[in-house]
Each structure stands twice: as structure tokens, then as C-alpha cells.
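Student: Show me how the following folds:
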Amino acid sequence: MPHTSRFSFIDPAKSPIFYGYIILVIGTIGIYCSIPGQTIGVSVFTDPVKDALGLSRNQFSNAYMIGTICSSLVIGRAGIWFDKYGARYVAFFAAITLAMALVLCSWSVQMSEFLKNMLNVDTWLVPFVLMAALFFVLRFSGQGVLTMASRNVIMIWFDKNRGKVNAISSVAISFGFSSSPLWVNALIEGYSWQVTWQILAVALLIFSFFILQFYKNKPEEHGLLPDGEVLAGEEKSNKPPVSRQYTAKEAQKTRAFWMYGLILAFNSFFITGLTFHVVSVFASEGFSKADAISIFLPASVVAVTISLIFNFLSDYLQLKLYLYLMILGGIMASVGFLFLSSPFGIPMLIGGFGILGGFFAVLNAIVWPRFYGRTHLGAITGKVMSFLILGSALAPPIFSLCFSTFGSYRLLGYLGLLFLLFLALGSIKANNPQ
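Tutor: Residues are numbered from 1 along each chain as shown. I've put the predicted structure just below:
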């Protein structure tokens, strides 16, 4: 058995079905297991944890921002690990690290009191620095490494059918993520926030065993080919040439890398900022909290529909069309954001919000292996992931600063339109480098 199957009893070559479909299932579960390190998973803990630590909402949010920014600065290294050691070991250690971080988070009050006693101080800085450090580990291992490794391993096992399998994975993840606050909050109310974090840690430790057993780095390491193709005899001699395998540095020299990366980062920035301040954004235009919250369900329906349809079609269409459709979604969202109180404001915002989210699910998975190959996929996606994490970290304070300085969020809408115009012009020659 090859070294890549060490500690595993599973042989992909003996699977009764193409093993890539097993990778699709287990990889999707892996992304779902990153929820404790995602904003949607952390946000449910905000109120009980900040109160227990004696932090204000701003202090807690700033600790989260600092931890997220720091994780964005080093996530590129995890991409290099992915290329060197493979998805299996990287995802395994990411799950273990995330589980350990969750256990430490559940002990954060005790750790904070211990440090205060040891340093003989009584200041908010102790829990602030402690939570910033814990958030760094949570974001790095959860949102960063586990998500990247799990998504990439699915893409590596497919080529021609990459869009179809990503459609299945994206829809499952969308429903899983959107429902997670409900069951996480139910656990917190039933068992306390400390026990909930410990339960999630145990679940991750159990899943790490499945990672070690079922994650397989590449089909070629097991005598297989992407999509389950079988080439023999004359077919081998007529096999089409292998696409060029770009390194991360080579990829960054292409225009496509920056244009696609920047529109994905714009999505991360805009969606995070709007979600974080949605009640305040709507209140500034005279709407109620119920009006603000009501945009998420229809926007999710649009996003899931777009993701499902265009993931399937991505195996047949040029991705540059998708890039411009995503830019169009951003323009719609920005216009709706600017003219929220007008009759077309909320429908435009919902439509643009959904289009951005839908095409994000397609492009973030499909672009990089199709444009740059699979050999250095980890380093390339790690760099892109740093853009996304940095955008999500900077959005809440920038939105807040804009409102506190100008008394309105509208400046961000105008800046968004300028940025999208730049992307639209810059993307004219953002062609597939293959």
C-alpha cells in the first residue's frame, strides 16, 4: 500500500464506485465541520462569552478582527503544506488543532482569571489578548486550513465533472451553514456555551479519524484518474496533453489571478460588512430590525439557485462570463445599498446579494484548478484565501468607521461601484492562462 495510505484501511482502487464520490461526501462534511471557526459559528457565542469575560461588544469584536487578520497573514503557508503533505494530513491536523482551540475557548474564563492572578492585574486587556490569540487559532484552522483542504481535495478528484460535483457540495454546505446557528444556539441554551464548545471539539476529534481513513490526496496515487476515467491501450497514446501546472508565483503574474481573486475578496468584504451591521444599515434608512433580517432568506434562495445552475453549466461555459455576472451582482447590490429607501432598493440588494453569493460558490472552487492546474493548488488557493479572510476581517470596522464618521453607510456604496468598475475594465483581458 502506498505511503499516502499509511494509517488507513481504505483502498480507493477497490471501491465499488469511483472513489471521488466518497471524497465528495467526506470533503463536504469536512467543510461543514469548519463551522466552529467560521463567523456564522462564532457569532452565536458572542453575547454569553463577552459577558462572562467582562468584555464590551467592541472589545470582543476587535479581538475577533485581530485574530482574523493575523490568520490571513499566515494562511498562505498552509497552502504550501497542502501541496507538500497532501489534503489528508493537513486536514487531519487542522481538525485536531480546531478541536484543541475549542476546548481552550471553553476554559477562557478560567484562563483569564489565572493570568490576572499570576500577573497581579485586573484589566480587560487580559481577556482581550487571550481571545485574540484563540480567535487566531480558530480562524486559521477552521475557516482557513480545514475549509481549504476539504474543498481542494474534492476539486483534485474531478476535472470534467468539477462543476457538477461542486454544485452538490455547495448546495449541501449552504443549507448546512444557514441552519447551524439554530442548533448551535439550542446547544448553548441547553448545556451552556462552555459545554457546547466542548461538544463541538469532541465531534471534530471523531471526524479527524474519518479524515485519516477516507481523505485521499490524488487519484493518481491509487492508480486512478479524475472523474473515474479509464484509459488503456490506444486511448493512452491519444490522451490529450496535460495542462500546464502553474506555481503560485507564476499564477500571480497572470491578470486572471488578480481579477478573480479581487471579486471574491469584494464579496467577502461586502457580505461580511453588511451582515455584521445589517440592522444598523437598515435603521439608518428608516427600516425596522425585522425588515433587515428578512433579506437573508430570499437572498439565500437566489444564491443556492444560482450556485446549483451555474455550477452544472460551468463544465461547458467560459468562466469569464461568470466573472462579469458576479461583477453585475456586485453592482446591483451596491446600487440597492445606496438607494435602500427607494422602491427598488431592497429587491436590488437582495438580488445582488444572492448573485454574489451564488457565483462565489462557483468561482472560488472551479477557477483555480481549471486555470492553474492541480500540482500547486494549495499554495494558490492559500493566497486567495488570505484575500478573503482579510476582507472579512476589515469589513466590520470599516463599515462602523464610515457610519461613525459620516453618519451614513452610503460612501461604501459609491466606493464599491468604483471598485467594481475597475474590475470590469481590468477583467477584459483576464483570460484563462491555459
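Student: quick one: residue 354 from residue 396, how far?
Tutor: Computed as CB to CB, to the nearest Å, the residue 354 to residue 396 distance reads 21 Å. Using the backbone N, CA and C atoms, a C-beta is placed for each residue, glycine as well.
Student: The two: who's more crowded?
Tutor: residue 354 (25 against 21; other CB atoms under 10 Å).
Student: All the helices of the stretch 301-434 of the chain, in order from the start?
Tutor: Ranges of helices in the stretch 301-434 of the chain, per DSSP state H, counting those that start in this stretch, are 319-338, 345-372, 377-406, 410-426.
Student: okay, those helices in a markdown table with distance to residue 190 and mean pLDDT next?
Tutor: Converted to a markdown table, these look like this (distance: least, CB to CB, whole Å; pLDDT from 0 to 100):
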| stretch | distance to residue 190 | mean pLDDT |
| --- | --- | --- |
| helix 319-338 | 37 | 96 |
| helix 345-372 | 31 | 93 |
| helix 377-406 | 29 | 90 |
| helix 410-426 | 39 | 96 |
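Student: Of all the ones you listed, which one comes closest to residue 221?
Tutor: Among these, the nearest to residue 221 by CB to CB is helix 377-406 (14.8 Å).
Student: Flag every buried residue along that closest one.
Tutor: Using 16 or more other CB atoms under 10 Å as the test for burial, helix 377-406 gives 377-396, 399-400, 402-403.
Student: Low-confidence bits of the stretch 201-350 of the chain, can you list those?
Tutor: Scanning the stretch 201-350 of the chain for pLDDT under 70 picks out 230-242.
Student: related to what we said a few turns ago, got the helices of the stretch 301-434 of the chain as a markdown table, with distance to residue 189 columns?
Tutor: Below are the helices of the stretch 301-434 of the chain laid out as a markdown table (distance: least, CB to CB, whole Å):
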| stretch | distance to residue 189 |
| --- | --- |
| helix 319-338 | 34 |
| helix 345-372 | 29 |
| helix 377-406 | 26 |
| helix 410-426 | 35 |
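Student: Out of those, which is closest to residue 104?
Tutor: Among these, if distance is taken as CB to CB, the winner is helix 377-406, at 20.6 Å.
Student: what residues go with each domain of the chain?
Tutor: Annotated domains of the chain cover 15-219, 248-427 [automatic domain parsing].
Student: Just send those back as a markdown table, with distance to residue 228 too.
Tutor: What follows is these, written out as a markdown table (distance: least, CB to CB, whole Å):
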| stretch | distance to residue 228 |
| --- | --- |
| domain 15-219 | 3 |
| domain 248-427 | 15 |
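Student: Ok, which of these comes nearest residue 9?
Tutor: Taking CB to CB as the criterion, domain 15-219 is the member of the domains of the chain that comes nearest to residue 9, at 6.5 Å.
Student: Quote the end-to-end distance of that closest one.
Tutor: This stretch, domain 15-219, spans 12 Å end to end (CA to CA, to the nearest Å).
Student: For that domain, what is the distance to the chain centroid?
Tutor: Its chain's C-alpha centre and that of domain 15-219 lie 11 Å apart, by CA atoms, centre = their mean, to the nearest Å.
Student: Next: stretch 396-406.
Tutor: 24 Å.
Student: immediately after the longest helix anywhere in the chain, which helix or strand?
Tutor: Looking across the chain with DSSP state H, the single longest helix is helix 57-106. Using DSSP states H and E, the helix or strand that follows helix 57-106 in sequence is helix 108-119.
Student: That following helix: what's the following helix or strand?
Tutor: Using DSSP H and E, the helix or strand that follows helix 108-119 in sequence is helix 125-138.
Student: For residue 93, find the nearest of the helices of the stretch 301-434 of the chain.
Tutor: Closest among the helices of the stretch 301-434 of the chain, using CB to CB: helix 377-406, at 13.8 Å.
Student: by contact count, what packs against that closest one?
Tutor: helix 57-106, helix 147-156, helix 248-251, helix 255-276, helix 345-372, helix 410-426 (3 or more CB pairs under 8 Å, 6 or more residues apart in numbering; DSSP states H and E).
Student: Any idea how many residues pack against residue 186?
Tutor: Neighbours of residue 186 under the rule other CB under 10 Å: 12.
Student: Same question for the one 5 residues further on.
Tutor: In terms of burial, residue 191 registers 13 neighbours under the definition other CB under 10 Å.
Student: so what's it scoring on pLDDT?
Tutor: Looking at residue 191, its pLDDT stands at 94.
Student: Tell me the spatial nearest neighbour of it, not counting adjacent residues.
Tutor: residue 199 (7.1 Å; CB to CB, 6 or more residues apart in numbering).
Student: Can you classify that neighbour by secondary structure?
Tutor: Under the three-state scheme (DSSP: H, G, I helix; E, B strand; the rest coil), residue 199 adopts helix.
Student: Check the gap between it and residue 148 for me.
Tutor: For residue 199, the distance to residue 148 - CB to CB - is 25 Å.
Student: ok, now residue 64?
Tutor: Distance from residue 64 to residue 148, by CB to CB: 20 Å.
Student: More neighbours: those two, which one.
Tutor: residue 148 (26 against 23).
Student: For the more buried one, report the pLDDT, please.
Tutor: pLDDT, read off for residue 148, is 92.
Student: what sits against it?
Tutor: Residue 148 is in contact with 75, 78-79, 82, 378, 381-382, 385, counting by CB atoms under 8 Å, 6 or more residues apart in numbering.
Student: now it: how far from residue 155?
Tutor: Distance from residue 148 to residue 155, by CB to CB: 11 Å.
Student: for residue 432, same thing?
Tutor: 16 Å.
Student: more crowded one of these two?
Tutor: Counted by other CB under 10 Å, residue 432 and residue 155 do not tie: residue 155 has more neighbours, with 23 against 14.
Student: Look at the closest residue to that one other than its chain neighbours and say how many residues are nearby.
Tutor: Leaving out its chain neighbours, the residue that sits closest to residue 155 by CB to CB, 6+ apart is residue 369, at 4.8 Å. Close neighbours of residue 369, defined as other CB under 10 Å, add up to 21.
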